[in-house]
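Engineer: for reference, the sequence and a predicted model appear below.
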Amino acid sequence: MYKVASANEYLVITGVGIDDIKIRKKAWVLPGQSYTFIDLSPVNYTFEVQAMSAEKLPFILPAVFTIGPFDARDSLKKYAKLISSHDKNSSHVKELVQGIIEGETRVLAASMTMEQIFKGTKEFKKEVFDKVQLELDQFGLYIYNANVKQLVDVVGHEYFSYLGQKTQMEAANQAKVDVAEAKMKGEVGSKLRQGKTLQNAAKIDAETKIISTQRQGEGKKEEVRVNTEVKIYENQREADVAKANAELAMKKAGWAREAEVAQVEAAKAVALKEAELQREVEMMNAMTMTEKLKAEFLSKASVEAETKAQEANWNLYQKQKAADAVLYQKEKEAEAQRAMAEAKFYAQAKAADGELYAKKTQAEGLMVLGQAEGAYLRTLMESLGGNYEAVRDYLMINRGMYQEVARINGEAVRGLEPKISIWTNGGEGGAGCGNAAMKEVAGVYKMLPPLFKTVQDQTGMLPPTWMGNLPVADGSKRN
């Protein structure tokens, strides 16, 4: 039958006449061949990869990968052989892709510091994509799109949060400095404009008020210079104050954190110290109780122990002597049994050797006899032209088999003294056809008494009373 794949599919055929697999858009599927369709549509896989940097700092990398079969001949063959039997949305394919992504991400993250990962996020993502794609090539898969979101802190390890706060504070401080510098430039520029205006006015009136104007101009210049220096100093002081405030805030945060840690450590130290003191108190109580019990029972235990030790030594001495005597006796008995066993074993070995020799000699004789018998039978068969029945009859006659059968049958019936009953219906000739039926009935009736007699002689069973009685031994008439 003729099969055609859809626009997003390929037809994969295996079977008779195909060495490996055949991938087509359309083809004939012959008897003895099987086919399936592989879908090239990519699928989105969403993961949250947990990794750890070189400083042992954990973080989460949320990512969305769009992955599907790669439209190339070699890649399609790999995909058809390894993945096509599973649904692309199945847990098997998802676990495969997730395992590759997590493995490559963790290996790459372990070789970089957190600062390198955070500042070089673009390069880090590219490295992850390249290594994941290299592994997916083995399965004929291709990353059509990958979207890695912002790195996220693991609960209990807020590195990125603190790093963001630091960056925010630095930006705020830099903004304050920039504002102060802009304000300073504005004030200076304003004063310069005013100075130029006054200079131009003084220059116009220079001819009439040279000295006065010069005095006023110098005074104004000095005033402008002093005001400018004052403003510059004020701006510098404001920048220093802002910087000091930022440093103070950072130090306060560090001090607060250290104070909390110190409080926790102090509480833990107090608890540990209380536990140690409680343990020492309990140990002292136990030692006191032990010494008291030792003082009470030491003398009594010493006397009892000495007495029991003497009794035990005496009992031990007696048991050792008895055990030595029993051991000596057992050793002698064991030596005698060992000697008897060795003699018995030797005798059994010699008897076994003799029996083995006899069996071996008998087996050799049987083999020679069998070979001779076989040669005799082959010669006999050849002489009789291969007639098996003639050979069998000759052997039975030659070896007296028929005579033996007759003898066995005669022995079987010897002494049985069988009783032979001859039944007849009288043998009378019929006078006429009318009496023929009655004569047959009469013949059957005459046959019954000898039949019952034979059954009684052979089995000891009597006929039922309703059928009649057998004749008695003295010849009296049957009832």
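Structural biologist: Great, that's in hand.

Engineer: CA atoms for contacts and neighbours, from now on please.
Structural biologist: Fine.

Engineer: cross-check the contact I'm expecting between Ala80 and Phe37.
Structural biologist: No - between Ala80 and Phe37 there is no contact under C-alpha atoms under 8 Å: 9.1 Å.

Engineer: when the two are compared, which one has more neighbours?
Structural biologist: Legend: neighbour count by other C-alpha atoms under 10 Å for Ala80 and Phe37, higher for Ala80 (23 against 20).

Engineer: torsion angles phi and psi at that one?
Structural biologist: phi -60, psi -40 (degrees, to the nearest 10).

Engineer: out of the helices and strands in the chain, which is least certain?
Structural biologist: The weakest-scoring helix or strand in the chain, judged by mean pLDDT, DSSP states H and E, is strand 152-153 (a mean of 62).

Engineer: what bits of the stretch 51-200 of the chain have low per-residue confidence?
Structural biologist: 118, 120-121, 150-168, 171-172 (pLDDT under 70).

Engineer: can you map out the strands along it?
Structural biologist: For the stretch 51-200 of the chain, strands defined by DSSP state E, counting those that start in this stretch occupy the ranges 58-69, 141-148, 152-153.

Engineer: partners of the second one in the sheet?
Structural biologist: So that's strand 141-148. Strand pairing for strand 141-148, using DSSP bridges, gives strand 58-69 (antiparallel).

Engineer: could I get the CA-only coordinates of the strand it pairs with as CSV?
Structural biologist: Output in CSV follows, covering the C-alpha atoms of strand 58-69 (Å, rounded to 0.1, in the frame of the first residue of the first chain):
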residue,chain,number,x,y,z
PRO,A,58,23.5,27.0,45.3
PHE,A,59,21.2,28.8,42.8
ILE,A,60,18.3,28.0,40.5
LEU,A,61,18.3,28.5,36.7
PRO,A,62,14.8,28.6,35.3
ALA,A,63,14.8,27.7,31.6
VAL,A,64,12.4,26.9,28.8
PHE,A,65,13.8,24.8,25.9
THR,A,66,12.1,24.2,22.6
ILE,A,67,13.4,20.9,21.3
GLY,A,68,12.5,18.6,18.4
PRO,A,69,13.9,16.2,15.8
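
Engineer: mind listing residues that contact that strand?
Structural biologist: Contact with strand 58-69 is made by 39-53, 75-76, 79, 140-154, 157, as judged by C-alpha atoms under 8 Å, 6 or more residues apart in numbering.

Engineer: ChimeraX command to pick out the buried ones of these?
Structural biologist: In ChimeraX, a selection of the buried entries from the contacts of strand 58-69 looks like this (16 or more other C-alpha atoms under 10 Å):
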select :39,40,42,43,44,45,46,47,48,49,50,51,52,53,75,76,79,140,141,142,143,146,148,152,153
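
Engineer: number of residues surrounding the residue nearest to Gln50 when sequence neighbours are not counted?
Structural biologist: Leaving aside its chain neighbours, Gln50 sits nearest to Ile60 (4.6 Å; criterion: C-alpha to C-alpha, 6 or more residues apart in numbering). Per other C-alpha under 10 Å, the neighbour tally for Ile60 reads 18.

Engineer: tell me the bridge partners for Ile60.
Structural biologist: The residues listed as beta-bridge partners of Ile60 by DSSP bridges are Gln50, Val152.

Engineer: for it, give its distance to Gly103.
Structural biologist: 14 Å (C-alpha to C-alpha, to the nearest Å).

Engineer: buried residues in stretch 374-391, which are they?
Structural biologist: Those would be Leu380, Met381, Val391, for stretch 374-391 by 16+ other C-alpha under 10 Å.

Engineer: the last one contacts Leu380, doesn't it?
Structural biologist: Yes - because the distance of 7.0 Å satisfies C-alpha under 8 Å, Val391 is recorded as touching Leu380.

Engineer: phi and psi next, for Leu40.
Structural biologist: For Leu40, the backbone dihedrals (degrees, to the nearest 10) come out as phi -90, psi 0.

Engineer: same deal with the one 3 residues further on?
Structural biologist: Backbone geometry at Val43, expressed as degrees, to the nearest 10, gives phi -130, psi 140.

Engineer: wait, doesn't it sit right on Lys88?
Structural biologist: Yes - using C-alpha under 8 Å, Val43 is in contact with Lys88, at 7.2 Å.

Engineer: pull the number of nearby residues for Ser31.
Structural biologist: No, residue 31 isn't Ser; it's Pro. Pro31 is flanked by 9 other residues according to other C-alpha under 10 Å.

Engineer: over to Val188?
Structural biologist: The tally of other residues near Val188 (other C-alpha under 10 Å) stands at 19.

Engineer: for it, give its distance to Val226.
Structural biologist: Using C-alpha to C-alpha, we find Val188 at a distance of 11 Å from Val226.

Engineer: show the model's pLDDT score for the nearest residue to Trp28 once chain neighbours are set aside.
Structural biologist: Counting by C-alpha to C-alpha, 6+ apart, Trp28 lies nearest to Tyr2, which is 4.4 Å off, once chain neighbours are set aside. pLDDT recorded at Tyr2 is 86.

Engineer: now do the contacts for Tyr2.
Structural biologist: Lys26, Ala27, Trp28, Val29.

Engineer: now the helices: where do they sit in this protein?
Structural biologist: Using DSSP state H, the helices of the chain run over residues 73-82, 91-110, 114-119, 121-136, 159-204, 210-383, 388-398, 401-413, 436-459.

Engineer: now these in CSV, with distance to Asp19?
Structural biologist: Putting those into CSV (distance: least, C-alpha to C-alpha, whole Å) gives the following:
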stretch, distance to Asp19
helix 73-82, 13
helix 91-110, 27
helix 114-119, 49
helix 121-136, 26
helix 159-204, 56
helix 210-383, 59
helix 388-398, 60
helix 401-413, 72
helix 436-459, 85
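
Engineer: closest one to Thr465 among these?
Structural biologist: Counting by C-alpha to C-alpha, Thr465 lies closest to helix 436-459 out of those; the figure is 11.9 Å.

Engineer: so how far is that closest one off the chain centroid?
Structural biologist: Relative to its chain's centre, helix 436-459 lies at 89 Å (C-alpha atoms, centre = their mean, to the nearest Å).

Engineer: then stretch 11-31?
Structural biologist: On C-alpha atoms, centre = their mean, the centre of stretch 11-31 falls 37 Å from that of its chain.

Engineer: what's the answer for stretch 79-92, then?
Structural biologist: Counting by C-alpha atoms, centre = their mean, stretch 79-92 comes out at 22 Å from the chain centroid.

Engineer: compute the first-to-last residue distance for that stretch.
Structural biologist: Termini of stretch 79-92 sit 14 Å apart (C-alpha to C-alpha).

Engineer: same check on stretch 72-91?
Structural biologist: This stretch, stretch 72-91, spans 25 Å end to end (C-alpha to C-alpha).

Engineer: what's the nearest residue to the residue nearest the centre of the chain if we skip its chain neighbours?
Structural biologist: By C-alpha atoms, centre = their mean, the mean C-alpha position of the chain lies nearest to His92, the distance being 16.2 Å. Using C-alpha to C-alpha, 6+ apart and skipping residues adjacent in sequence, the residue nearest His92 is His86, 7.3 Å away.

Engineer: run a quick neighbour tally on that neighbour.
Structural biologist: Neighbour tally, His86, other C-alpha under 10 Å: 12.

Engineer: need phi/psi at it.
Structural biologist: phi -110, psi 150.
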